[in-house]
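K.L.:
Task: produce atomic coordinates for the following.
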Amino acid sequence: MLELSLTRIFSVVFYYHFAFLAISIALFGLGAGGVFSYVVAARPGEIFRRLGALAAATSLAVVVSLVVLLTRTELTNWTLAVIYFTSALPFLLAGTIVSLAISEAIERVDRVYFSDLLGAAIGCMALVPLLRVIGGPNTVIAAGVLFAVSSAIWLNLAGSIRGRAASVALALALTVLIVVNVNGKLHLIDVKFAKGHALTGEQYVKWNDFSRVALALDKDAGMESILIDADASTGIANFDFAHLSANERHDLAFQGPGFPYQIRPAGKTLIIGPGGGWDVARALASGSHDITGVEINPIIATTIMKRQFPELSRGLYLRPDVHIEVEDGRSFVRRSTEKYQVLQATLVDTWASTAAGAFALSENNLYTTDAFYDYLTHLTDDGILAFTRWGFDPPRESLRLLSLAKVALDRLGEHDHPAHFMVVRENAQDIKGWGARDTVVISRKAFTSEDMARAHAAIRESKMQAVYLPDEKFPNPFTELLNASDPQAFYRSYQYDVSPVGDDRPFFFYTVQPRDLIEYFMHPNASADYKINRAVPLLFGLIAISIAATAIILLLPPIVLGSRLPREKGVLRFLWYFVFIGAGYILIQVALIQKFVLLLGHPTYALTVIIFSMLISSGFGSFMSRRFLKGSDARLGWALLGVTALVTALAFLAPVINEIGIPWPLPIKVAVTVLLIVPVGFAMGMPFPTGLTRLEHFHHPSVRWAWALNAASSVLGSASAIFFAIYMGLRETLLVGGLLYLLAFVIVKMTKQPEDALSPR
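P.N.:
Numbering: from 1, shown residues only. Next comes the predicted model:
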């Protein structure tokens, strides 16, 4: 719960790319706690008393780290370093507790690990309702309450009445703090600074499982705006359509996103991500009386626009000709049987971490070749698809839209690409920074001469810049790409990576060419869209940190132990087993979350269903490992091979299920996903506790070391999963995870011991 709630807060306070840094901090802290447990274990005193003191310290560390995180007023390297180490402190202490508990109860580690995974699953399930009810900071404090409760349990086992009373008092004090934070006016511990700026003028704030939404007055624009994670914003359209002035009608019609309505006025319209309603207003101004808006965020669509502040938009979303659906846009399109004349998406991405994004650095699957095929097949023959993205020089996002649509058009048998596109630019004077907006219009069939006449008239009236039109040849990358005889040669030679991306590699916004990775890592501020591509240097930095952390944890325990490891028993070699299964588990989990987003229709559903299913089934796998494997190397080997086989099958089966499951109701989709995940999760729960029992026979002091290595390698696995997904694809990421379990199988064979030496005691 602490780890996942921190991903949300990191997304708000920093940028969404930093959300997965919380995962790194958590796993690094847990690994370091495994090493620190050697120091704690060497101290005198009764074990339950020490565990109780550590749990109480963890509870306090949670609150201290949260305060440090929320009171930073600027973003510097020093700030990040302070936050990294203070945020890692509660995880270090918690890792010490778990490591000591596992070491003390190694004879029944199968039950201990089952309880550990069961608690993690409950924390995962509790996260969503807690975020919705009490918000991000208070969910972190709630984790502190649970640590204090655990302290009371340990101290009760130690027979310490005073200690137990103090821990209960601590839990109650933190609970009161949550109540005051939620219901009081002071908001003692809350987000007051974000992205290096103070948050002011917020009239209303609400959290859910994938965003922090605030309502505030935008003084520059002179309108109320909805802020998402204190960064992305959408203004609230406020128009009286019964008395629309000529100036208002002109502005709605002749801004960039209004361009498609000049080509198809009064058409049946589907808007993905309508936010505060500006695209809805444009469609209404064009004469449309059949408008569907699909908004993923219920706080925006329902809470603000319909229930609590409908007057700000004059009841726009309550009109009978406007139908608002709360759903992921791609999921809605996939299951819809309707066809539309205009399908529009304007700047639909929030730079806000979804919970799944925190694990997978995932995009939202709106911008892939498969998505564009879905969109185009839901258009009438005269229908148009309109996407507005930021304009840059040289172009990146808007140019990549063309590459996606080209692939989708080919699938539909439309190969005369130049006749299917128009591109216009608004605020062209701001092309060097943020401000220029490119609207790309793609027609289901080739544009007609009448369409071209409307387009030229609209461009003249709006004074926008024509970037590409079928009947004109502008010397720019758009024209070059659409007329390229060898598109692959164009993609290879272009300054940025604008090649098409599919559902298996849905990273539309990451445009750094692989050949430029080192240069971009060294000089990341070279482009205006560093805000997007900054994840690239962060990703490689995280991989480097992960490798260093794993190496340190490999080297430290022998120093702490003060003696050489018994090499003749193969202890050092067998410790690699825990590195492989730790990295493999998180690789598989990250890839599966992203793989099932399309089927389940929402990143939050994917996160909850996949992680909960894996943790519960792995917990039961751990619980049954003693009975099924019976300490046998041969049976352990079969379990590891089973993981590899099941993961390989899932890698090829998931895309098929995504396709055939489109019309299924959500409960059926969830049930099918669980049935697919449970077998592999069950098999993945067996190797860790069995390996610890095996290691205990080799060298008991190394058990806590194995826990530390497993956690540290999970850091490496989480970062590597992102790398493999971006540059290889999600299917290949799953296959690499399966390969790591195969390597663990090889380690078991290399360190094989007589069967009687490993039988359960």
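K.L.:
give the contact list for the closest residue to residue 499 other than its chain neighbours.
P.N.:
Of all residues not flanking residue 499 in the chain, residue 491 sits nearest, at 4.2 Å (Cβ to Cβ, 6 or more residues apart in numbering). (Glycine included, C-beta is placed from N, CA and C.) By Cβ atoms under 8 Å, 6 or more residues apart in numbering, residue 491 lies in contact with 403, 497, 498, 499.
K.L.:
Repeat that for residue 108.
P.N.:
residue 626.
K.L.:
Look up phi and psi at it.
P.N.:
phi -120, psi 50 (degrees, to the nearest 10).
K.L.:
now residue 235
P.N.:
phi -70, psi 150.
K.L.:
and the gap between it and residue 225?
P.N.:
5 Å (Cβ to Cβ, to the nearest Å).
K.L.:
what do you get for residue 246?
P.N.:
25 Å.
K.L.:
ok, these two, which is more surrounded?
P.N.:
With neighbours defined as other Cβ atoms under 10 Å, residue 246 and residue 225 compare such that residue 225 has more, 19 against 7.
K.L.:
Who does residue 388 form a beta bridge with?
P.N.:
Under DSSP bridges, the beta-bridge partners of residue 388 are residue 346, residue 439.
K.L.:
close enough to count as contact, it and residue 256?
P.N.:
Yes - taking Cβ atoms under 8 Å as the definition, residue 388 is a contact partner of residue 256 at 5.8 Å.
K.L.:
Next, the contact list for residue 422, please.
P.N.:
259, 263, 440, 441, 447, 455, 468, 469, 470.
K.L.:
again but with residue 615, I slipped
P.N.:
117, 118, 120, 121, 124, 681.
K.L.:
Residue 672 too?
P.N.:
For residue 672, the contact set (Cβ under 8 Å, 6+ apart) comprises 599, 657, 661, 664.
K.L.:
Without its sequence neighbours, what residue ends up closest to residue 275?
P.N.:
residue 234 (3.2 Å).
K.L.:
residue ranges with poor pLDDT in this structure?
P.N.:
15-20, 184, 350-364, 433-434, 520-543, 545-546, 549-550, 553-554, 557-569, 753-761 (pLDDT under 70).
K.L.:
how about 50 then?
P.N.:
350-363, 756-761 (pLDDT under 50).
K.L.:
so where do the helices sit in the stretch 651-761 of the chain?
P.N.:
666-684, 687-698, 703-727, 730-750, 755-758 (DSSP state H, counting those that start in this stretch).
K.L.:
next one: the stretch 351-500 of the chain
P.N.:
Using DSSP H, counting those that start in this stretch, helices in the stretch 351-500 of the chain cover 355-360, 369-376, 397-411, 449-462, 477-482, 487-493.
K.L.:
most tightly surrounded among those helices?
P.N.:
Across the helices of the stretch 351-500 of the chain, averaging neighbours per residue (mean count of other Cβ atoms under 10 Å) puts helix 355-360 on top, at a mean of 27.
K.L.:
which neighbours do residue 235 and residue 225 share?
P.N.:
With Cβ under 8 Å, 6+ apart as the test, residue 235 and residue 225 both reach 218, 276.
K.L.:
residue contacts, residue 625?
P.N.:
Per Cβ under 8 Å, 6+ apart, neighbours of residue 625: 110, 639, 685, 686, 689, 690.
K.L.:
With neighbour count and distance to residue 648 added, can I get the residues you listed in a markdown table?
P.N.:
Shown next, in a markdown table, are the contacts of residue 625 (neighbours: other Cβ atoms under 10 Å; distance: Cβ to Cβ, whole Å):
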| residue | neighbour count | distance to residue 648 |
| --- | --- | --- |
| 110 | 26 | 26 |
| 639 | 25 | 15 |
| 685 | 29 | 19 |
| 686 | 28 | 18 |
| 689 | 25 | 24 |
| 690 | 30 | 22 |
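K.L.:
Between which two of those residues is the distance greatest?
P.N.:
Spatially, the most separated pair among the contacts of residue 625 is 110 and 639, at 12.9 Å (Cβ to Cβ).
K.L.:
Of all the helices of the stretch 351-500 of the chain, which one comes closest to residue 696?
P.N.:
Closest among the helices of the stretch 351-500 of the chain, once you apply Cβ to Cβ, is helix 355-360, at 31.4 Å.
K.L.:
secondary structure element for the nearest residue in space to residue 1 that is not next to it in sequence?
P.N.:
Leaving aside its chain neighbours, residue 1 sits nearest to residue 123 (3.8 Å; criterion: Cβ to Cβ, 6+ apart). Secondary structure assignment for residue 123, by DSSP states H and E: helix 109-134.
K.L.:
quick one: buried residues of that helix?
P.N.:
By neighbour count on 16 or more other Cβ atoms under 10 Å, the buried set for helix 109-134 is 109-110, 112-114, 116-121, 123-128, 130-131, 134.
K.L.:
Can I get the helices of the stretch 651-761 of the chain in JSON lines including distance to residue 140?
P.N.:
Shown next, in JSON lines, are the helices of the stretch 651-761 of the chain (distance: least, Cβ to Cβ, whole Å):
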{"stretch": "helix 666-684", "distance to residue 140": "27"}
{"stretch": "helix 687-698", "distance to residue 140": "28"}
{"stretch": "helix 703-727", "distance to residue 140": "20"}
{"stretch": "helix 730-750", "distance to residue 140": "30"}
{"stretch": "helix 755-758", "distance to residue 140": "42"}
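K.L.:
okay, these, which one's buried deepest?
P.N.:
Comparing those by mean count of other Cβ under 10 Å gives helix 703-727 as most buried, with a mean of 26.
K.L.:
Could you check the angle that helix makes with helix 730-750?
P.N.:
Going by axes from the mean of the first three to the mean of the last three Cα atoms, to 10 degrees, helix 703-727 is angled at 150 degrees with respect to helix 730-750.
K.L.:
Who are the packing partners of helix 703-727?
P.N.:
With contacts taken as 3 or more Cβ pairs under 8 Å, 6 or more residues apart in numbering; DSSP states H and E, helix 703-727 sits against helix 19-41, helix 77-104, helix 355-360, helix 535-561, helix 571-595, helix 687-698, helix 730-750.
K.L.:
could these go into a markdown table alongside distance to residue 635?
P.N.:
A markdown table is the format used below for these (distance: least, Cβ to Cβ, whole Å):
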| stretch | distance to residue 635 |
| --- | --- |
| helix 19-41 | 27 |
| helix 77-104 | 22 |
| helix 355-360 | 31 |
| helix 535-561 | 28 |
| helix 571-595 | 15 |
| helix 687-698 | 9 |
| helix 730-750 | 10 |
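K.L.:
Out of those helices, which gets nearest to residue 52?
P.N.:
helix 77-104 (9.6 Å).
K.L.:
buried set for that closest one?
P.N.:
Buried residues in helix 77-104 (16+ other Cβ under 10 Å): 79, 83-84, 86-103.
K.L.:
mind giving me JSON lines with the helices of the stretch 351-500 of the chain and columns for distance to residue 616?
P.N.:
Shown next, in JSON lines, are the helices of the stretch 351-500 of the chain (distance: least, Cβ to Cβ, whole Å):
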{"stretch": "helix 355-360", "distance to residue 616": "18"}
{"stretch": "helix 369-376", "distance to residue 616": "31"}
{"stretch": "helix 397-411", "distance to residue 616": "38"}
{"stretch": "helix 449-462", "distance to residue 616": "55"}
{"stretch": "helix 477-482", "distance to residue 616": "48"}
{"stretch": "helix 487-493", "distance to residue 616": "43"}
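K.L.:
show me what contacts the nearest residue to residue 126 once chain neighbours are set aside?
P.N.:
Leaving out its chain neighbours, the residue that sits closest to residue 126 by Cβ to Cβ, 6+ apart is residue 1, at 6.1 Å. Shown in contact with residue 1 (Cβ under 8 Å, 6+ apart): 123, 124, 126, 127, 130, 139, 142, 143, 146.
K.L.:
Over to residue 27?
P.N.:
91, 711, 712, 714, 715, 718.
K.L.:
sorry, back to before: higher neighbour count, residue 388 and residue 256?
P.N.:
residue 388 (26 against 21).
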